[in-house]
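# return a 3D structure for these sequence lines:
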Amino acid sequence: MDTRLLLSPSLRRIEARHADLPLMQRAGQAAADLASQLAGERNRPILVLAGPGNNGGDAFEAARLLRQRFFDVRVLFAGQAEQLPADAAAACRRFTDAGGEFSLTLEDERHWGLIIDGLFGIGLKRAPEGIYAEWIALANRLARRDGCALLALDCPSGLDADTGNRPGICIEATHTLTFIAGKPGLLTADGPDHCGEIAIATLDLETTGADPADGHTVSRQDFAGRLKPRRRNSHKGSFGGVGIIGGGKSMSGAALLAGRAALKLGAGRVYLGLLDPDGPSVDLVQPELMIRRIDTLFQADLQALVCGPGLGTAGNAADCVEQALKCPLPLVLDADALNILASDGRLEGNLYNRVAPAILTPHPAEAGRLLGASTREVQLDRIAAAREMAARYGCPVALKGCGTIVAGPDGRWWINTTGNPGMATAGMGDVLSGMIATLLAQQWPAEQALLAAVHLHGAAADRLAADGIGPVGLTAGEVIDSARCLVNDWLR
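Numbering: from 1, shown residues only. I've put the predicted structure just below:
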């Protein structure tokens, strides 16, 4: 499976280096092949929107080939054929030489079997304007009215292919056929809401050392070497002890969720250090959890630590974060531990200079505080934000959200593609932090532990949704048992 993701500059370099190849014809062929499958009955026409650049050339190629296959094709084009880029102009001529025609308007209210978006592809970084904005709105409306597929070529028009940012109106594709390699903007932020089902047409270009990936999607191959059956001659000490610091006033549930996740993902022992003096002394749902006072938690036999679930920022919360940072154990910082880190400059040096690994798991608002930016600024370029945090704090980071970004301090990054909207509910982050910690306690390297936990977390939620448990009403606690089943499937 090709997990490569390429940014626009890399794609432009590849296209320039292969300028002697008929890339546009190959793109048009791939588009026509998929369009033929999506269109179904030939008695319903196909509407093609062709833009003023090379994406329009891909659209003209697809339209020509679909006409050859006896589809009724209607093309909307607002530009001047002679002003198109050379390859696109040649594609337009091939289309018209074969008898094809294009126009500026739709004179009738036909019912469409397929709509193809070939307006802008990866080139547009601003909101569509004028007639193109009108055509995007028209395509979306007609696709809904006629119940037909809306196929975007390379990238839905109006979506930033690098960031997933949607600055204005955007095609709402049911399918996206992207060329050469995957694009990060299709997989994060607004991308998944506008791309539908994604397919990649490599255009028969072989991956070479001259075309390194900018990033990757997370896959099981990233951590498959750690998925090994347990030895029969094992005991609870073989699988590590996890300590969890959190559970401030009225927020014990967050720490309990993290603890349950750590326990059910395989930790031999899990200890909770709750800040709330009136918090529970036992978890009646999961009595295997050992609940202790914060001052005695560090005396336990621990191999990994989580700080933050339900921590709050009052009382001695900041002291707990500082103590966690000084502890020579692999550490996960989440929730209010991140807010405290962002507000206390002394702690940043403690984190950066740690010998044991640390992992940060912020949501966009927490990331904004860590970077001194707004949530909106973080969301405008999630990859850049995650990479900046990882470099600044010297540790792996998971920027949570739609298409979670995992970044390492060396600049590498991944986008996770598992998960669904049911995960937008309280406690999901607490469960993730417990899952990461239990892998750390079992001696997983920090980066692999983070990649595996993020991927498993989303996959477990997807498994529940597939079984009808969500996405609406899915709870964080339900994901724990699903993740346990799934990881045992993977081990088998």
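# strands along the stretch 251-400 of the chain, start to end?
269-274, 290-293, 304-307, 331-333, 358-360, 397-399 (DSSP state E, counting those that start in this stretch).
# list the helices and strands the fourth one packs on?
Using 3 or more Cβ pairs under 8 Å, 6 or more residues apart in numbering; DSSP states H and E as the contact criterion, the neighbours of strand 331-333 among helices and strands are strand 304-307, helix 317-326, strand 358-360, helix 428-441. No exception for glycine: its C-beta is placed from N, CA and C like everyone else's.
# ok, that strand: who's next to it in the sheet?
Sheet partners assigned to strand 331-333 using DSSP bridges are listed as strand 304-307 (parallel), strand 358-360 (parallel).
# pull out the buried residues from the longest helix seen in the chain.
The helix of greatest length in the chain, counted in residues with DSSP state H as the criterion, is given as helix 446-466. Applying a neighbour-count criterion of 16 or more other Cβ atoms under 10 Å, one finds 446-465 buried in helix 446-466.
# also stretch 270-283?
Buried residues in stretch 270-283, defined by neighbour count with 16+ other Cβ under 10 Å: Val270, Tyr271, Leu272, Gly273, Leu274, Leu275, Asp276, Gly279, Pro280, Asp283.
# which residues touch Arg412?
Arg412 makes contacts with Gly215, as judged by Cβ atoms under 8 Å, 6 or more residues apart in numbering.
# which of the helices and strands packed on strand 331-333 sits most buried?
Comparing the helices and strands packed on strand 331-333 by mean neighbour count (mean count of other Cβ atoms under 10 Å), strand 304-307 ranks first with a mean of 32.
# export it as PDB, just CAs?
What follows is the C-alpha trace of strand 304-307 in PDB, where atoms were taken according to Å, rounded to 0.1, in the frame of the first residue of the first chain:
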ATOM      1  CA  ALA A 304       5.300   5.000  32.000                       C
ATOM      2  CA  LEU A 305       3.400   8.000  33.100                       C
ATOM      3  CA  VAL A 306       0.400  10.000  31.900                       C
ATOM      4  CA  CYS A 307      -0.100  13.500  33.200                       C
END
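# now it, how far from the centre of its chain.
Taking the mean of its C-alpha atoms, strand 304-307 sits 25 Å from the chain's own mean (Cα atoms, centre = their mean, to the nearest Å).
# check stretch 344-358 too.
Centroid separation for stretch 344-358 versus its chain: 27 Å, with Cα atoms, centre = their mean.
# and stretch 258-272, by the same measure?
In terms of Cα atoms, centre = their mean, the gap separating the centre of stretch 258-272 from the centre of its chain is 26 Å.
# how about stretch 179-190?
For stretch 179-190 - counting by Cα atoms, centre = their mean - the centre lies 9 Å from the chain centre.
# CA-only coordinates of that stretch in PDB, if you can.
Written as PDB, here are the backbone C-alpha positions of stretch 179-190 (Å, rounded to 0.1, in the frame of the first residue of the first chain):
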ATOM      1  CA  PHE A 179      -3.100  12.000  -9.400                       C
ATOM      2  CA  ILE A 180       0.500  10.700  -8.900                       C
ATOM      3  CA  ALA A 181       0.200  10.400  -5.100                       C
ATOM      4  CA  GLY A 182      -2.000  11.200  -2.100                       C
ATOM      5  CA  LYS A 183      -2.400  14.900  -1.000                       C
ATOM      6  CA  PRO A 184      -2.500  15.700   2.700                       C
ATOM      7  CA  GLY A 185      -5.300  18.300   2.300                       C
ATOM      8  CA  LEU A 186      -7.700  15.500   1.200                       C
ATOM      9  CA  LEU A 187      -7.200  13.700   4.600                       C
ATOM     10  CA  THR A 188      -7.300  16.400   7.300                       C
ATOM     11  CA  ALA A 189      -9.300  19.500   8.400                       C
ATOM     12  CA  ASP A 190     -12.100  20.100   5.800                       C
END
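# which parts of that stretch count as buried, going by neighbours?
Taking 16+ other Cβ under 10 Å as the neighbour-count basis, stretch 179-190 is seen to contain the buried residues Phe179, Ile180, Ala181, Gly182, Lys183, Pro184, Gly185, Leu186, Leu187, Thr188, Ala189, Asp190.
# one more: stretch 130-138?
Counting neighbours by 16+ other Cβ under 10 Å, one finds that the buried residues in stretch 130-138 are Tyr132, Ala133, Trp135, Ile136, Leu138.
# what does stretch 471-482 give?
By neighbour count, and taking 16+ other Cβ under 10 Å as the criterion, the buried residues in stretch 471-482 are Pro471, Leu474, Thr475, Ala476, Gly477, Glu478, Val479, Ile480, Ser482.
# what's the most distant pair in those residues?
Of all pairs drawn from those, the greatest distance, 16.7 Å, lies between Pro471 and Ile480 (Cβ to Cβ).
# what does stretch 126-146 contact?
By Cβ under 8 Å, 6+ apart, the surrounding residues in contact with stretch 126-146 are 47, 49, 51, 76, 78, 104, 106, 111-113, 115, 117, 119-120, 148-150, 157-158, 167-172, 174.
# returning to that earlier point: CA atoms of the longest helix of the chain as PDB?
Backbone C-alpha positions of helix 446-466 (Å, rounded to 0.1, in the frame of the first residue of the first chain) are rendered in PDB as follows:
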ATOM      1  CA  ALA A 446       7.700   6.600  21.600                       C
ATOM      2  CA  GLU A 447       7.100   7.300  18.000                       C
ATOM      3  CA  GLN A 448       5.700   3.800  17.300                       C
ATOM      4  CA  ALA A 449       3.600   3.800  20.400                       C
ATOM      5  CA  LEU A 450       2.000   7.100  19.300                       C
ATOM      6  CA  LEU A 451       1.400   6.000  15.700                       C
ATOM      7  CA  ALA A 452      -0.100   2.700  16.900                       C
ATOM      8  CA  ALA A 453      -2.300   4.200  19.600                       C
ATOM      9  CA  VAL A 454      -3.700   6.900  17.300                       C
ATOM     10  CA  HIS A 455      -4.400   4.400  14.500                       C
ATOM     11  CA  LEU A 456      -5.900   1.900  16.800                       C
ATOM     12  CA  HIS A 457      -8.000   4.500  18.600                       C
ATOM     13  CA  GLY A 458      -9.700   5.500  15.400                       C
ATOM     14  CA  ALA A 459     -10.000   2.000  14.000                       C
ATOM     15  CA  ALA A 460     -11.700   0.900  17.200                       C
ATOM     16  CA  ALA A 461     -14.300   3.700  16.800                       C
ATOM     17  CA  ASP A 462     -14.700   2.700  13.100                       C
ATOM     18  CA  ARG A 463     -15.400  -0.900  14.100                       C
ATOM     19  CA  LEU A 464     -18.100   0.200  16.500                       C
ATOM     20  CA  ALA A 465     -19.700   2.400  13.900                       C
ATOM     21  CA  ALA A 466     -19.700  -0.400  11.400                       C
END
